[in-house]
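Undergrad: Sequence plus the predicted model coming up.
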Amino acid sequence: MPEMPLPAEGVGEPRWLRWTLTALALAFLLGFLVLPLANIFHAALSEGWRVFLASLRDEEAALAIRLSLTSSAAAVLLSTVFGLAAAWFLGRHRVPGHGLWVAVLDLPFAISPVVAGLMFVLLFGLDGWFGPWLDRHNTQVIFAKPGIILATAFVTFPFVARELLPLVEALGPEAEEAARLLGASPWQTFLRVTLPALKWGLLYGVILCASRAMGEFGAVSVVSGHIRGETMTLPLHIEAVYNEYQFGAAFACASLLSLVALVSLALKSFVAWRARRDREGT
Amino acid sequence: MSIEIRNLSKRLGGKTILDRVSLDIPEGGLLALLGPSGSGKTTLLRIIAGLETPDEGEVRVHGEASHARRPQDRQVGFVFQHYALFPHMSVRQNIAFGLDVKPRAQRPSREAIRARVDELLQLIQMGSYGHRLPAELSGGQRQRVALARALAVEPRVLLLDEPFGALDAQVRAELRHWLRRLHDVSKVTTVLVTHDQEEAMEVADTVAVMNRARIEQVGPPRDIYDHPATAFVAGFVGQMNRLHQVAEGTAFARPHEMELSLDPGEGQAAQVARLAPTGALARLRLRLASGGEVEVHLTRDRLADLQIAEGSQVYVRPARVQVFPEDYSI
């Protein structure tokens, strides 16, 4: 029998094609992602450290940063609680139209954020369904913080739910049934069995959710009303100062937002690595 | 009686899963629920555990309706086919779980829990595996841990749902002997669901054969094998040759109850189609001259006497036949 020659480099595509594709991908990454991002930091510091720090310490910028942080935190909390509930419910119960419900989870991703914002205006605005009732009770949702939180939560809702749904399904009902028959209450079962199994997925979803919440522009822009010093989040503030030709200030704030993105990216990779390590049990 | 099942019915989506099932399981016994998949045995087990509710009828455990208690108060040990261990907990933590979650007033001290876990680790012969995660264990080891976890809370009944179904043949055989020894020591009333008749016959004191949502026969393994009540039981428990129609129904005979001869006139003419000498018995597949095939088991001595091989011409007749009114089908 003739000896089979060992394939030197797999049976895939030829070497030149691989190199070309890799080069193209790298050039794209460099030209469209890395360079522009690096340029933001460059532009932010182009007028020196003092201008940079002053633009962040500016009263309106500080208020915007604080509003972004608090409303994102609230939105992440809402998304996490509802995402966990939705994933658990859809993963455990064979409801009629299961596929449709899972598709509905993706609605906030499919819909333009501006439209999402308008939906909330139609619901809670003065002329909206609940507007008059809210007005009678002296509560303002639209053009106020609650509206910003709701819009952000809506846009970021799928991150946690979609991340957890496959994990809930993979865990299956048996571990929970075993826990119950071993004497655990429903709450003990959730805390000791369900939640630990979802831990890394949950954290991953929360990080994605938080970084998106910090950067959300479209939906928030519609419901915030752009009231300076009151309902301006960091992305809205950046746009406003940019439109006033304060490029230094705009880029200083933009670099802050980019930093948030980079940190969340690092955290995300760390969590994914830990989750993989746990799964492989090493 | 430890477990009394009365007229249990369960329907799901227009399909009858259980049809007026009644069964008594004595204290300290080991009963096997044996049946093909879809016969309702797992649903019956899950209803006994209280994991599912019947449409009609009731289950009484030690004289008390099983649904009167919350799941966590039922004191039922349950072992799942796919182990259902808690993946993020070590073997020790898994075994200790049922003790750890007890209300403070009933919870044993930390030392008592540790001692109990040590004892159970010895019992499952996994003393040095306490700190491993389930992912680091073999299937057989995982199932032993699942058993130890169920036993840790000293359940009043132990329910096993196809516990060895996901394991290799050799591990299965080892574990079922081990389970039997364990039961002889612990004497906990045990119900084992299985589709493997060999497993049921080897391990259980009593076998309940299920088919199409009903229990067809309950009895000691020997009775079930020697005196099957229905054609289904006869065919499902051990092999059966379906011979011919008689006035009362169909005649059947076990492969080891068939006689072979080389003399014409000593039964039906047949040809040896396949001969597999395995173990103490030789298994022969005969093609009847009249059409159809029968299975015959001979001792190796008898095979040597006859001096036959594949292709030989033989004559076959049943030494004992059993007649069942209905035609059986599996």
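TA: That came through, no problem. Numbering: from 1, shown residues only, chains lettered A, B, ... in the order given.

Undergrad: so after the longest helix along chain B, what's the next helix or strand?
TA: With residue count as the measure and DSSP state H as the assignment, chain B has helix B:169-186 as its longest helix. Later in the chain than helix B:169-186, the nearest helix or strand by DSSP states H and E is strand B:189-194.

Undergrad: Who does that next one pair with, and is each partner parallel or antiparallel?
TA: Next to strand B:189-194 in the sheet, as set by DSSP bridges, lie strand B:30-34 (parallel), strand B:157-161 (parallel).

Undergrad: Remind me what the helix or strand hosting A:Ser258 packs against, helices and strands.
TA: Applying DSSP H and E as the criterion places A:Ser258 in helix A:247-280. On a contact count with 3 or more C-beta pairs under 8 Å, 6 or more residues apart in numbering or on different chains; DSSP states H and E, helix A:247-280 meets helix A:35-45, helix A:49-57, helix A:59-92, helix A:195-215, helix A:234-243. Bear in mind the C-beta positions are built from the backbone N, C-alpha and C, glycine included.

Undergrad: Show me what the closest residue to B:Leu288 other than its chain neighbours bridges to in the sheet.
TA: Excluding the flanking residues, the one nearest B:Leu288 by C-beta to C-beta, 6 or more residues apart in numbering or on different chains is B:Ala270, at 4.8 Å. Counting by DSSP bridges, B:Ala270 is bridged to B:Leu288, B:Val314.

Undergrad: now the one 4 residues further on
TA: Residues found in beta-bridge contact with B:Arg274 (criterion: DSSP bridges) are B:Arg285.

Undergrad: residues in contact with B:Glu56?
TA: B:7-9, B:20 (C-beta atoms under 8 Å, 6 or more residues apart in numbering or on different chains).

Undergrad: Please report the number of neighbouring residues for the residue nearest to A:Leu118 when sequence neighbours are not counted.
TA: Once flanking residues are discounted, A:Leu118 sits nearest to A:Val222: 5.7 Å by C-beta to C-beta, 6+ apart. Neighbourhood size, A:Val222 [other C-beta atoms under 10 Å in any protein chain shown]: 20.

Undergrad: for the record, mean pLDDT for the one helix or strand A:Val222 maps to?
TA: Under the criterion of DSSP H and E, A:Val222 resides in helix A:218-224. Per-residue pLDDT over helix A:218-224 has a mean of 92.

Undergrad: so how far is that helix from its chain's centroid?
TA: Relative to its chain's centre, helix A:218-224 lies at 16 Å (C-alpha atoms, centre = their mean, to the nearest Å).

Undergrad: Which positions in it come out as buried?
TA: A:219-224 (16 or more other C-beta atoms under 10 Å in any protein chain shown).

Undergrad: what comes into contact with the helix or strand hosting B:Phe78?
TA: Using DSSP H and E, B:Phe78 sits within strand B:76-79. Residues from elsewhere that reach strand B:76-79 (C-beta under 8 Å, 6+ apart): A:177-178, A:181, B:48-51, B:61, B:143, B:146-147, B:150-151, B:153, B:155-161, B:163, B:188.

Undergrad: about what we covered before: just put the helices and strands packed on helix A:247-280 in JSON lines and tack on mean pLDDT and mean neighbour count.
TA: Conversion of the helices and strands packed on helix A:247-280 to JSON lines gives the following (pLDDT from 0 to 100; neighbours: other C-beta atoms under 10 Å in any protein chain shown):
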{"stretch": "helix A:35-45", "mean pLDDT": "89", "mean neighbour count": "15"}
{"stretch": "helix A:49-57", "mean pLDDT": "87", "mean neighbour count": "14"}
{"stretch": "helix A:59-92", "mean pLDDT": "94", "mean neighbour count": "19"}
{"stretch": "helix A:195-215", "mean pLDDT": "92", "mean neighbour count": "22"}
{"stretch": "helix A:234-243", "mean pLDDT": "93", "mean neighbour count": "20"}
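
Undergrad: I'd like to know which of the ones you listed is closest to chain B.
TA: Closest of those to chain B is helix A:195-215, at 4.5 Å (criterion: C-beta to the nearest C-beta).

Undergrad: That closest one and chain B in contact?
TA: Yes - counting by C-beta under 8 Å from any C-beta of the partner chain, chain B has neighbours in helix A:195-215: A:196-197, A:199.

Undergrad: now the angle between helix A:234-243 and that helix, please.
TA: Angle, helix A:195-215 to helix A:234-243, by axes from the mean of the first three to the mean of the last three C-alpha atoms, to 10 degrees: 20 degrees.

Undergrad: Which residues are in contact with the residue nearest the centre of chain A?
TA: Among the residues of chain A, the one closest to the centroid is A:Cys209, at 2.6 Å (C-alpha atoms, centre = their mean). Neighbour list for A:Cys209: A:75-76, A:79-80, A:83, A:156, A:159-160 [criterion: C-beta under 8 Å, 6+ apart].

Undergrad: What of B:Ser66?
TA: When the contact criterion is C-beta under 8 Å, 6+ apart, the partners of B:Ser66 are B:47-50, B:58-60, B:74.

Undergrad: Residue numbers of chain A in contact with chain B?
TA: Within chain A, the positions near chain B by C-beta under 8 Å from any C-beta are A:172, A:174-175, A:177-185, A:188, A:192-193, A:196-197, A:199, A:278-281.

Undergrad: just the helices in the stretch 101-250 of chain B please.
TA: Listed in chain order, the helices of the stretch 101-250 of chain B (DSSP state H, counting those that start in this stretch) span B:110-123, B:139-152, B:169-186, B:197-203, B:221-226, B:231-236.

Undergrad: Can you check the pLDDT for A:Val104?
TA: Note for A:Val104: predicted pLDDT of 89.

Undergrad: So it belongs to a helix, correct?
TA: Yes - per DSSP: H, G, I helix; E, B strand; the rest coil, A:Val104 lies within a helix segment.

Undergrad: Scan the helices and strands of chain B for the one with the lowest mean pLDDT.
TA: In chain B, no helix or strand scores lower on mean pLDDT, DSSP states H and E than strand B:64-65, which sits at a mean of 82.

Undergrad: contact partners of it?
TA: By C-beta under 8 Å, 6+ apart, the residues outside strand B:64-65 that reach it are B:58-59.

Undergrad: contacting residues around stretch B:139-149?
TA: For stretch B:139-149, contacts defined as C-beta under 8 Å, 6+ apart pick out A:178, A:182, B:79-80, B:83-85, B:91, B:94-95, B:97-98, B:120-121, B:123-126, B:129, B:134, B:137, B:160, B:163-164, B:166-168, B:171, B:174-175, B:178-179, B:182.
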